[in-house]
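>>> sequence plus the predicted model coming up.
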Amino acid sequence: MTPSTRYWLMKSEPDECSIDDALAAPQATVAWIGVRNYQARNFMRDAMRVGDGVLFYHSSCAEPGIAGLARVASEPYPDPSQFDPASPYFDPKSTPDAPRWLLRDVQALRKTRLLSLAALRQHPALADMKLLQRGNRLSITEVSEAEWATVCQWLDAP
DNA sequence: GCCAACGTTGGC
DNA sequence: GCCAACGTTGGC
């Protein structure tokens, strides 16, 4: 991972938390709970900085794709769901003294028109996006400055 | 619901 | 540390 990464793509299942849900939350801010992959956790714990740009991506749904823009809105802190036995994200091996899963708050900035996964795949400038690489399943991936700019220009185009 | 791809677990 | 078995992700 490059220390200069300032842009991220974060997947959310819209049934759990859509861009509309995030925009409707207090301060349009949601805690990014439920990540249980170490690489994605490390991005949140170590690499992100407050203010980094986030592509808000809808996954596991009828129309997967980029659905909004957001920003990293907090320093890392323990994911409370790991301590809740009633939560599907409960982790019995984690303790408050040594929490295994850290998260960030994410503030939604705006909903965009949907840039579908199929459309993203057809854009030559996005061919190297981590999201689009074969076999990728990571729920948080790095986005280059050029990829970010391409997406923003695309969203501004008629 | 299928299944490819990948991550994690746990026996050895 | 290896690696088979199992579980999960996520598009289709």
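Noted; the coordinates are in hand. Residues are numbered from 1 along each chain as shown, chains lettered A, B, ... in the order given.
>>> give me the number of neighbouring residues for the residue in chain A positioned nearest to DNA strand B.
DNA strand B sits closest to A:Gly135 of chain A, with a gap of 2.1 Å, by Cβ to the nearest atom of the strand. No exception for glycine: its C-beta is placed from N, CA and C like everyone else's. By the measure other Cβ atoms under 10 Å, the count of residues near A:Gly135 is 4.
>>> and the longest helix for chain A?
Looking across chain A with DSSP state H, the single longest helix is helix A:145-156.
>>> enumerate the residues of chain A near DNA strand C.
Listed as neighbours of DNA strand C in chain A under the rule Cβ under 7 Å from any atom of the strand: A:11, A:36, A:59-61, A:64, A:117-118, A:137-139.
>>> farthest pair in those residues?
By the measure Cβ to Cβ, A:Arg36 and A:Ala118 form the most distant pair in those, at 27.9 Å.
>>> need the phi and psi values for the nearest residue to A:Ile19 once chain neighbours are set aside.
Leaving aside its sequence neighbours, A:Ile19 sits nearest to A:Gly68 (Cβ to Cβ, 6 or more residues apart in numbering; 3.5 Å). Here is the backbone geometry of A:Gly68 (degrees, to the nearest 10): phi -170, psi 170.
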